[in-house]
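whatever this is, show me its structure:
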Amino acid sequence: MHYLQALIATLGLIPKITLSFGVPITAQGLGIMLCGTILGAKRGALAVLLFLLLVAIGLPLLSGGRGGLGLFFSTTGGFLIGWPVSAFVTGLIVEKWRSASIAIVATIASIIGGIIVMYAFGIVGMAIVLEKTLLESATLMTVFIPGDIIKTIIAGLLTSAIAKSRPASLLSRS
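Alright, predicted model coming up:
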(Lines give C-alpha, C1' and ligand atoms only; values in the text may rest on other atoms or scores of the structure.)
Protein backbone atom coordinates (compact mmCIF):
# COMPACT_ATOMS: atom_id res chain seq x y z
CA MET A 1 0.00 0.00 0.00
CA HIS A 2 1.36 3.41 -0.97
CA TYR A 3 1.88 5.90 1.86
CA LEU A 4 -0.97 8.12 0.61
CA GLN A 5 -3.34 5.16 0.51
CA ALA A 6 -2.28 4.40 4.07
CA LEU A 7 -2.93 8.06 4.91
CA ILE A 8 -6.48 7.83 3.53
CA ALA A 9 -7.07 4.74 5.67
CA THR A 10 -5.48 6.41 8.72
CA LEU A 11 -7.66 9.49 8.30
CA GLY A 12 -10.60 7.09 8.50
CA LEU A 13 -9.60 6.35 12.10
CA ILE A 14 -10.60 9.86 13.11
CA PRO A 15 -14.10 9.36 14.47
CA LYS A 16 -16.78 10.14 11.91
CA ILE A 17 -19.87 12.20 12.55
CA THR A 18 -22.80 10.74 10.65
CA LEU A 19 -25.48 13.23 9.72
CA SER A 20 -29.19 12.40 9.76
CA PHE A 21 -29.27 11.78 5.99
CA GLY A 22 -26.54 9.12 6.20
CA VAL A 23 -23.41 10.90 4.94
CA PRO A 24 -20.56 11.04 7.46
CA ILE A 25 -18.20 13.93 8.05
CA THR A 26 -14.72 12.40 7.81
CA ALA A 27 -11.13 13.48 7.29
CA GLN A 28 -10.61 11.10 4.37
CA GLY A 29 -11.35 13.77 1.75
CA LEU A 30 -8.03 15.35 2.74
CA GLY A 31 -6.26 12.15 1.68
CA ILE A 32 -7.98 12.28 -1.70
CA MET A 33 -6.87 15.88 -2.19
CA LEU A 34 -3.29 14.97 -1.24
CA CYS A 35 -3.24 12.06 -3.69
CA GLY A 36 -3.84 14.61 -6.45
CA THR A 37 -1.58 17.38 -5.20
CA ILE A 38 1.36 15.08 -4.42
CA LEU A 39 1.07 12.21 -6.90
CA GLY A 40 -0.44 14.10 -9.82
CA ALA A 41 -3.46 13.29 -11.97
CA LYS A 42 -2.84 9.73 -13.17
CA ARG A 43 -0.91 8.39 -10.18
CA GLY A 44 -3.32 10.04 -7.74
CA ALA A 45 -6.41 8.63 -9.45
CA LEU A 46 -4.83 5.16 -9.67
CA ALA A 47 -3.86 5.24 -5.98
CA VAL A 48 -7.44 6.11 -5.04
CA LEU A 49 -8.83 3.41 -7.38
CA LEU A 50 -6.65 0.80 -5.68
CA PHE A 51 -7.80 2.04 -2.28
CA LEU A 52 -11.44 1.77 -3.40
CA LEU A 53 -10.83 -1.75 -4.73
CA LEU A 54 -9.66 -2.73 -1.25
CA VAL A 55 -12.77 -1.12 0.23
CA ALA A 56 -15.01 -2.91 -2.30
CA ILE A 57 -13.61 -6.33 -1.40
CA GLY A 58 -14.49 -5.64 2.21
CA LEU A 59 -11.45 -4.22 3.94
CA PRO A 60 -12.67 -1.84 6.68
CA LEU A 61 -10.68 1.17 5.47
CA LEU A 62 -13.39 3.82 5.50
CA SER A 63 -14.28 5.91 8.52
CA GLY A 64 -15.87 3.91 11.27
CA GLY A 65 -14.27 0.69 9.99
CA ARG A 66 -16.59 0.41 7.02
CA GLY A 67 -15.90 -1.58 3.88
CA GLY A 68 -17.73 -3.63 1.28
CA LEU A 69 -19.36 -3.28 -2.09
CA GLY A 70 -22.68 -2.13 -0.59
CA LEU A 71 -21.17 1.24 0.33
CA PHE A 72 -21.02 2.13 -3.37
CA PHE A 73 -24.83 1.93 -3.47
CA SER A 74 -25.46 3.93 -0.29
CA THR A 75 -25.76 7.65 0.34
CA THR A 76 -21.96 7.88 0.27
CA GLY A 77 -21.65 5.96 -3.00
CA GLY A 78 -21.52 9.03 -5.22
CA PHE A 79 -18.64 10.42 -3.19
CA LEU A 80 -16.70 7.16 -3.39
CA ILE A 81 -17.22 6.96 -7.15
CA GLY A 82 -16.09 10.59 -7.42
CA TRP A 83 -12.91 10.13 -5.38
CA PRO A 84 -10.65 9.02 -8.26
CA VAL A 85 -12.02 11.77 -10.52
CA SER A 86 -11.48 14.26 -7.71
CA ALA A 87 -7.85 13.17 -7.27
CA PHE A 88 -7.34 13.29 -11.06
CA VAL A 89 -8.71 16.82 -11.44
CA THR A 90 -6.80 18.07 -8.40
CA GLY A 91 -3.58 16.55 -9.73
CA LEU A 92 -4.12 17.84 -13.25
CA ILE A 93 -4.45 21.41 -12.00
CA VAL A 94 -1.25 21.10 -9.93
CA GLU A 95 0.60 19.59 -12.89
CA LYS A 96 -0.45 22.27 -15.37
CA TRP A 97 -0.55 25.46 -13.28
CA ARG A 98 3.04 26.40 -12.52
CA SER A 99 2.88 30.19 -12.47
CA ALA A 100 1.84 30.54 -8.80
CA SER A 101 3.24 29.20 -5.54
CA ILE A 102 2.59 25.52 -4.91
CA ALA A 103 0.66 26.33 -1.70
CA ILE A 104 -1.83 28.50 -3.60
CA VAL A 105 -2.07 26.12 -6.56
CA ALA A 106 -2.58 23.07 -4.33
CA THR A 107 -5.23 24.86 -2.27
CA ILE A 108 -7.18 26.06 -5.31
CA ALA A 109 -6.78 22.67 -7.01
CA SER A 110 -8.15 21.03 -3.87
CA ILE A 111 -11.14 23.39 -3.87
CA ILE A 112 -11.91 22.58 -7.51
CA GLY A 113 -11.16 18.85 -7.42
CA GLY A 114 -11.70 18.04 -3.78
CA ILE A 115 -14.87 20.03 -3.23
CA ILE A 116 -16.57 20.98 -6.51
CA VAL A 117 -15.90 17.74 -8.38
CA MET A 118 -16.44 15.54 -5.34
CA TYR A 119 -19.68 17.32 -4.45
CA ALA A 120 -20.95 16.93 -8.02
CA PHE A 121 -20.65 13.15 -7.74
CA GLY A 122 -21.87 13.07 -4.15
CA ILE A 123 -24.92 15.22 -4.80
CA VAL A 124 -26.01 13.09 -7.75
CA GLY A 125 -25.49 9.91 -5.74
CA MET A 126 -27.44 11.26 -2.78
CA ALA A 127 -30.27 12.46 -5.02
CA ILE A 128 -30.61 8.96 -6.48
CA VAL A 129 -30.38 7.05 -3.19
CA LEU A 130 -32.47 9.47 -1.12
CA GLU A 131 -34.94 10.12 -3.97
CA LYS A 132 -34.46 13.88 -3.65
CA THR A 133 -33.93 16.57 -6.24
CA LEU A 134 -30.43 17.77 -7.04
CA LEU A 135 -31.23 21.06 -5.30
CA GLU A 136 -32.43 19.27 -2.16
CA SER A 137 -29.30 17.11 -2.11
CA ALA A 138 -27.06 20.14 -2.73
CA THR A 139 -28.73 21.93 0.19
CA LEU A 140 -27.89 18.99 2.45
CA MET A 141 -24.23 19.39 1.47
CA THR A 142 -23.85 22.94 2.79
CA VAL A 143 -22.99 21.60 6.26
CA PHE A 144 -19.77 20.09 4.82
CA ILE A 145 -18.38 23.25 3.23
CA PRO A 146 -16.55 24.80 6.23
CA GLY A 147 -14.72 21.58 7.09
CA ASP A 148 -13.85 20.93 3.47
CA ILE A 149 -12.42 24.44 3.10
CA ILE A 150 -10.17 23.70 6.09
CA LYS A 151 -9.07 20.45 4.41
CA THR A 152 -8.12 22.35 1.23
CA ILE A 153 -5.95 24.76 3.22
CA ILE A 154 -4.26 21.86 5.01
CA ALA A 155 -3.68 20.14 1.64
CA GLY A 156 -2.09 23.30 0.27
CA LEU A 157 0.16 23.75 3.30
CA LEU A 158 1.22 20.08 3.41
CA THR A 159 1.93 20.02 -0.32
CA SER A 160 4.01 23.18 0.01
CA ALA A 161 5.93 21.71 2.96
CA ILE A 162 6.68 18.55 0.98
CA ALA A 163 7.77 20.64 -2.02
CA LYS A 164 10.25 22.48 0.19
CA SER A 165 11.55 19.57 2.26
CA ARG A 166 11.51 16.76 -0.33
CA PRO A 167 10.94 18.23 -3.80
CA ALA A 168 11.53 14.88 -5.53
CA SER A 169 8.55 13.45 -3.59
CA LEU A 170 6.18 15.89 -5.26
CA LEU A 171 5.43 13.73 -8.30
CA SER A 172 2.75 16.15 -9.50
CA ARG A 173 5.54 18.56 -10.41
CA SER A 174 8.09 16.10 -11.83
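
OK, contacts around Lys151?
Ala27, Gly29, Leu30, Met33, Ser110, Gly114 (C-beta atoms under 8 Å, 6 or more residues apart in numbering). Heads up, the C-betas are built off the backbone N, CA and C, glycines and all.

so Gly77 touches Ile123, yeah?
No: using C-beta atoms under 8 Å, Gly77 is not in contact with Ile123, being 11.9 Å away.

neighbour-wise, which of these two wins?
Ile123 (22 against 19; other C-beta atoms under 10 Å).

spatially nearest residue to the more buried one, not counting backbone neighbours?
Closest residue to Ile123 apart from its sequence neighbours, by C-beta to C-beta, 6 or more residues apart in numbering: Ser137 at 4.6 Å.

so the one you found sits right up against Leu130, yeah?
Yes: the criterion here is C-beta under 8 Å, and Ser137 meets it with Leu130 at 6.7 Å.

these two - which one has more neighbours?
Ser137 (24 against 15).

tell me, how many residues neighbour Ile145?
11.

phi, psi for Leu59 please.
phi -70, psi 130 (degrees, to the nearest 10).

isn't it up against Arg66?
No: with contact defined as C-beta under 8 Å, Leu59 does not reach Arg66; the gap is 9.8 Å.

between those two, which is the more surrounded one?
For Leu59 versus Arg66, neighbours defined as other C-beta under 10 Å are more numerous around Arg66 (19 against 15).

so how many other residues sit close to the closest residue to that one other than its chain neighbours?
Excluding its sequence neighbours, the residue lying closest to Arg66 (C-beta to C-beta, 6+ apart) is Pro60, at 6.1 Å. Neighbours of Pro60 under the rule other C-beta under 10 Å: 14.

wait, isn't Pro60 in contact with Leu54?
No: contact criterion C-beta under 8 Å: Pro60 and Leu54 do not qualify, at 9.8 Å.

which other helices and strands contact the helix or strand encompassing Ala87?
Ala87 is part of helix 77-96 when elements are defined by DSSP states H and E. Secondary-structure packing of helix 77-96 (3 or more C-beta pairs under 8 Å, 6 or more residues apart in numbering; DSSP states H and E): helix 28-34, helix 41-56, helix 102-111, helix 118-130.
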